[in-house]
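Novice: turn this into a model:
(4 chains)
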Protein chains: 4
Amino acid sequence: MPHLLSRRRFLFIGGVAASSAIASRDSWVSAGQQPASAGPVDPALIEDLVAANRILAREQIVDAFGHVSVRHPRGPDRFLIARSVAPELVTAADIIEHDLEGTPIDARGRASYRERFIHSEIYRARSDVMSIVHCHTASLIPFGVTRVPLRPVYHQGAFVASGVPVFEIRDAGGMTDMLVSDGKLGRALAVTLGNKPVALMRGHGAVIVGDSIPTAVGRSVFLDINARAQAQALALGGKITYLDPEEARKYLAPNNYDRAWELWKKQVSR
Amino acid sequence: MPHLLSRRRFLFIGGVAASSAIASRDSWVSAGQQPASAGPVDPALIEDLVAANRILAREQIVDAFGHVSVRHPRGPDRFLIARSVAPELVTAADIIEHDLEGTPIDARGRASYRERFIHSEIYRARSDVMSIVHCHTASLIPFGVTRVPLRPVYHQGAFVASGVPVFEIRDAGGMTDMLVSDGKLGRALAVTLGNKPVALMRGHGAVIVGDSIPTAVGRSVFLDINARAQAQALALGGKITYLDPEEARKYLAPNNYDRAWELWKKQVSR
Amino acid sequence: MPHLLSRRRFLFIGGVAASSAIASRDSWVSAGQQPASAGPVDPALIEDLVAANRILAREQIVDAFGHVSVRHPRGPDRFLIARSVAPELVTAADIIEHDLEGTPIDARGRASYRERFIHSEIYRARSDVMSIVHCHTASLIPFGVTRVPLRPVYHQGAFVASGVPVFEIRDAGGMTDMLVSDGKLGRALAVTLGNKPVALMRGHGAVIVGDSIPTAVGRSVFLDINARAQAQALALGGKITYLDPEEARKYLAPNNYDRAWELWKKQVSR
Amino acid sequence: MPHLLSRRRFLFIGGVAASSAIASRDSWVSAGQQPASAGPVDPALIEDLVAANRILAREQIVDAFGHVSVRHPRGPDRFLIARSVAPELVTAADIIEHDLEGTPIDARGRASYRERFIHSEIYRARSDVMSIVHCHTASLIPFGVTRVPLRPVYHQGAFVASGVPVFEIRDAGGMTDMLVSDGKLGRALAVTLGNKPVALMRGHGAVIVGDSIPTAVGRSVFLDINARAQAQALALGGKITYLDPEEARKYLAPNNYDRAWELWKKQVSR
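Specialist: Numbering: from 1, shown residues only, chains lettered A, B, ... in the order given. Here you go, the predicted structure:
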């Protein structure tokens, strides 16, 4: 389990010297190409990001692959994400700040995820998004490759009532290695996502966004349940009554995942 | 694991002062709008209610959401249910007495579940019901949205042989947020439930009732198994022989879940 | 975990006095209706029977219900089975000897399973059977209620190549409570089983027999896997090539489950 | 958990005397029929082979049956595989060197897997293969018995884009016991496999090969996920867009499983 950082002190991502803690963000222009840090982050946020990694692994939304990020709270053109490591293994020491070009700040030899451009380009396109999950959850793959629309069969799936676009990487890049491994592909994915909370990625997985870490994680967990329940409902063969868009809109509220987040954090800190 | 309360002493729900233990129920008229408590409850019942929460989580009938209640044994117009918290985390200190208006007795700042009206109105309508489970179990959602009837494929599902009504919240409230968040919606749900042990809630989940905590919990567990087995039987494509209503009636007996309850309580106290 | 009995000493089932250990079986005629014991049993066999209970629970073949028995090695008209308790909780102290009328020997207040007649009548009818499992495994229910034949899709299911009869309790007892709760129903089930290793029970579950505890348990585990794989194969929609009866016959060999039994016993003794 | 061997010292498989460590391979001609060892192996490789066994068990690719081997790094006509034991129980002391006739080197009473010829004949036919998994994973059985082609629904399944042949043992051996228990059947399986990474075995399971232990294990894990997602996609009923062969080819890269291998090894060493 991760070392639980005290909520009472600040910490620099990547071990930047403590004296820098009071430097303004703009003073972080380094020599050469090194982008500047947006500054230190509340350890509680890092703790939540580490927990998010472990929660997604425990809930089987991610396996050895997949990742979750959070936008830097004081630097909208920066985001925090683990080095290239399995989510279940992430600790605070693995978190690296990146800019919206996908360039790591002070990587100190730690490798970045190849698909960090999923995050950088969505943060660039969507100022409302504060956290992003990318996953290959098995229940979602079928909806991405068949284009049978993923729709809300229960209130916990309400957030997909406005539709789930499917990203066809061939449209953006022709025959690729399927990975969103540069800014151009990331931008195309962000265009497909539009203003929606979820996009499926054909032959690959999904991206889920939210206005906080608990929202992005919560949506990922309940999207998986909704997908499995919808597949079973389709198999039963009757006419399905999906949530009405108005029902979905009324259900959606801030902090819908507070109760779940409290549970999940406790589960991964045991 | 919960602190296991001694079965040899009584305890007030919510930490009411010990001197009140001998006060009659009617003397609990408080100043202003505070409803009176129906009095102290045997700690063994609280222990069972806490165990029920943890059992339902362990059996994956509930996730971070869902709840279970018990009617107050000496006050038929009162019921006990946890504060708004994930079932897996419930301890005795979380249990709050409520009246049939859904008003908490001595909440002391603890939030109540928004959907407590599921419980209050069913207790009001059904004097035979002593315990109620509300859940969003994924196996049940498909039967609620397709109206393919949930029927007993084996003896453990016998209790649904009389039929499983489906609550359409639109009939009661038009376009809602899907939640049974007031007495009017709770009453409509109770009408749909009628004298049955289970009602599905379209696009939401289910409510399961019983004459004791073990019965409500046991029915919840075996309803899930029955739903999955029925869905698989339908997928096989042959003609299904469901339990005959007479077979079901003969199978049903008090204390059907004694053996399971003993196991489940041990599992959650490890 | 169960107290692991020493394989080097003998023990009486149910705590019979040690001096009886040298009494011949025939000398066990008790006063009144008490049937005689067939004598003490090697503790290693009791240990295996306890392990079988826990293995079946761990492998999710049984839940809070279901049971497993072994024929008394020196008394072919006696069998050993737990008192009425969930399999996961069984210890050596719970094992009770029964005769083929289903009457317990020296029950000392311990309740017997209502469906012990499944065991007594199959032991009576099948001298080759040394161990019996009764279960309600969810994967088996659909094949019992649809009469889609359960057939071997892989070598581990070879033992069902000769066919799986389905017991229709209505044929034997009309409208019952579904339970094999007397000798007449047990005999009807034994007739349906015939010389086969498995019979499904419509709307109820299955019975699986073998020439040893590991064989009955192993068949139960792999029957579940075969059922799930067959259901999935049927869903794929192609023509299924089942094991040929000759392939199945050639595959079957004594001690097929030795490697599994070693693993399973270690898993439940951790 | 296995004793974690130091990576800094060498060890002889099966406890061969330390003085032999400097003997050349050719000097290992023993009296009589005993084949020569290819010499000592880096303990880190044995550690990985033990981990592979436990990982495959933990990921439910194998159950009590199934096996994984590695080619001897200095003796291409030798491979290392556990004695006949359940994968979850394998320790370094269980690893036995075999030659390509399937003959164990220095077995010292330890039994070999009956189906070791799967390994010996594929190593003989495929010089590129360094590690082999044989399993009976339930998700794969349906594709072997229906001949519905297993195809890549997501990038992690890219390695099957070139097709998955199905081994029909009847073509090679007529009515057999289904087991690849001699060199002739092993050679027929190797012919069916051809230059592919996977072959299904009708009514039996699968064989998965790779250029390293992590590759063979990783492919086994993701083949299972791909099979389940493909089955669900087929059930949804829409037209499936599989990975294009060019996409698959571009995705495939050496060391695709590094991140997973790090996680999996930690999980089985806890």
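
Novice: contacts and neighbour counts: CA atoms only from here.
Specialist: Noted.

Novice: now the strands for the stretch 101-250 of chain A?
Specialist: In the stretch 101-250 of chain A, the strands defined using DSSP state E, counting those that start in this stretch lie at A:104-105, A:131-135, A:166-167, A:198-201, A:205-210.

Novice: who in chain A is up against chain B?
Specialist: Counting by Cα under 8 Å from any Cα of the partner chain, chain A comes close to chain B at A:153-156, A:225-226, A:228-230, A:232-233, A:235-244, A:246-252, A:259-260, A:263.

Novice: narrow those residues to those that are buried.
Specialist: With neighbours counted using 16 or more other Cα atoms under 10 Å in any protein chain shown, the residues of chain A next to chain B contain these buried positions: A:153-156, A:225-226, A:228-230, A:232-233, A:235-236, A:240-244, A:247-249, A:251, A:260, A:263.

Novice: how about the nearest residue to A:S127, chain neighbours excluded?
Specialist: Nearest non-adjacent residue to A:S127, counting by Cα to Cα, 6 or more residues apart in numbering or on different chains: A:P76, 7.9 Å away.

Novice: brain fart, A:L185
Specialist: Take A:L185 and drop its neighbours on the chain: the residue closest to it by Cα to Cα, 6+ apart is A:A172, 6.5 Å away.

Novice: quick check: that neighbour touching A:A188?
Specialist: Yes - here A:A172 reaches A:A188: they are 6.2 Å apart, a contact under Cα atoms under 8 Å.

Novice: among the residues of chain A next to chain B, which are in helices?
Specialist: Mapping these onto helices (DSSP state H) picks out A:225-226, A:228-230, A:232-233, A:235-236, A:246-251, A:259-260, A:263.

Novice: quick one: contacts for A:G183?
Specialist: Residues in contact with A:G183 (Cα atoms under 8 Å, 6 or more residues apart in numbering or on different chains) are A:E101, A:G102, A:F117, A:S120, A:E121.

Novice: let's have these in a markdown table, adding distance to chain D, pLDDT and neighbour count.
Specialist: A markdown table is the format used below for the contacts of A:G183 (distance: Cα to the nearest Cα, whole Å; pLDDT from 0 to 100; neighbours: other Cα atoms under 10 Å in any protein chain shown):
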| residue | distance to chain D | pLDDT | neighbour count |
| --- | --- | --- | --- |
| A:E101 | 23 | 97 | 17 |
| A:G102 | 20 | 97 | 23 |
| A:F117 | 17 | 98 | 25 |
| A:S120 | 22 | 98 | 27 |
| A:E121 | 22 | 98 | 23 |
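
Novice: model confidence for the residue nearest to A:V85 when sequence neighbours are not counted, exactly?
Specialist: Once flanking residues are discounted, A:V85 sits nearest to D:R259: 5.9 Å by Cα to Cα, 6+ apart. Per-residue pLDDT puts D:R259 at 96.

Novice: quick one: contacts for D:R259?
Specialist: Contact analysis of D:R259 by Cα under 8 Å, 6+ apart lists A:A64, A:F65, A:S84, A:V85, A:A86.

Novice: for A:T176, state which of the residues you listed is nearest.
Specialist: Within these, proximity to A:T176 (Cα to Cα) peaks at A:F65, which comes in at 19.0 Å.
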